[in-house]
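Engineer: give me the fold of what follows.
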Amino acid sequence: MSKMIVSFGDSWPAGAELNPGEKPFGELIAEQSDYDHANYSQPGTSIPHMILQLQKYIKNDPGGHPCALFCITSSSRSLYYDDDYLLNLGWREIHISNEDAASESYYRHLYSDTLAYFHANVYILALQQICTKHNIKDRYVFCWESFDLMPGIDTSKIYPHTLVDIIGAGAKPAGKKDVAIDRNHECVKPNDCHPNQKGHQKIADELAEWIQK
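Structural biologist: Below you'll find the model as predicted:
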């Protein structure tokens, strides 16, 4: 049975803004490790959405010996269910840049950093438990925002630096819930807020050995 790296997360592992023929870092890591690759990440999604992505992967059951790479996006994002929403089977994302009524109400009346970090910890605990049950080797990396983790989370599976740290292209402006990306950085330019192929290669080079171990 073949070995496989499976990517989960948002637009960074999905390879947003890459040119045709270019490869996201999960695929590059797989090539360096002589693994197959499957990408279940989706642009604009939240941490809880990775549970849906993981469930989809398990349902498809491609076999092999999977290593899951979970890319932890901003804790400020969330998720809710809408019976009338057909895309993504009714699940809708709450995002700080969205202008819909649900997102506006969420950030106005419900959101706090403390609650967001609490929910994010619960989702990571759930991911680790699901992977244990299904014999999936799981690894985690923060995209741009790291936060304190609850007891019970296996922190040995979490890379000590964020993706933005790896490429050196980000900063969190005061009073903002998300990270600004330096568009003129060599690992980003000419993209808007995602790594270019050089950035993806730099991430892959740093994470490949860690994942293999």
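
Engineer: now Val164, what's its secondary structure?
Structural biologist: Val164 falls in the helix class when you classify it by DSSP: H, G, I helix; E, B strand; the rest coil.

Engineer: how near is it to Tyr111?
Structural biologist: 22 Å (Cβ to Cβ, to the nearest Å). To be clear about C-beta, it is placed using only N, CA and C from the backbone, and glycine gets the same treatment.

Engineer: one more: Asp192?
Structural biologist: From Asp192 over to Tyr111 (counting by Cβ to Cβ), the distance is 25 Å.

Engineer: quick one, what contacts the spatially closest residue to Pro43 that is not a sequence neighbour?
Structural biologist: Distance criterion Cβ to Cβ, 6 or more residues apart in numbering; nearest residue to Pro43, sequence neighbours excluded, is Ser11 at 3.7 Å. Each residue near Ser11 by Cβ atoms under 8 Å, 6 or more residues apart in numbering is listed here: 41-44, 194.

Engineer: need the pLDDT of Ser2.
Structural biologist: Per-residue confidence (pLDDT) for Ser2: 68.

Engineer: which parts of the lengthiest strand in the chain are buried?
Structural biologist: Scanning the chain for the longest strand, with DSSP state E as the assignment, gives strand 65-72. By neighbour count on 16 or more other Cβ atoms under 10 Å, the buried set for strand 65-72 is 66-72.

Engineer: out of the residues you listed, which comes closest to Cys187?
Structural biologist: The shortest approach to Cys187 among the buried residues of strand 65-72 belongs to Cys71, at 16.0 Å (Cβ to Cβ).

Engineer: what sits against that closest one?
Structural biologist: With Cβ under 8 Å, 6+ apart, Cys71 has these contacts: 7-10, 12-13, 41, 140-143, 163.

Engineer: kindly report the same for Lys3.
Structural biologist: 33-36, 64-67.

Engineer: which of Val164 and Tyr111 has more residues huddled nearby?
Structural biologist: Higher neighbour count among Val164 and Tyr111: Val164, with 27 against 17, using other Cβ atoms under 10 Å.
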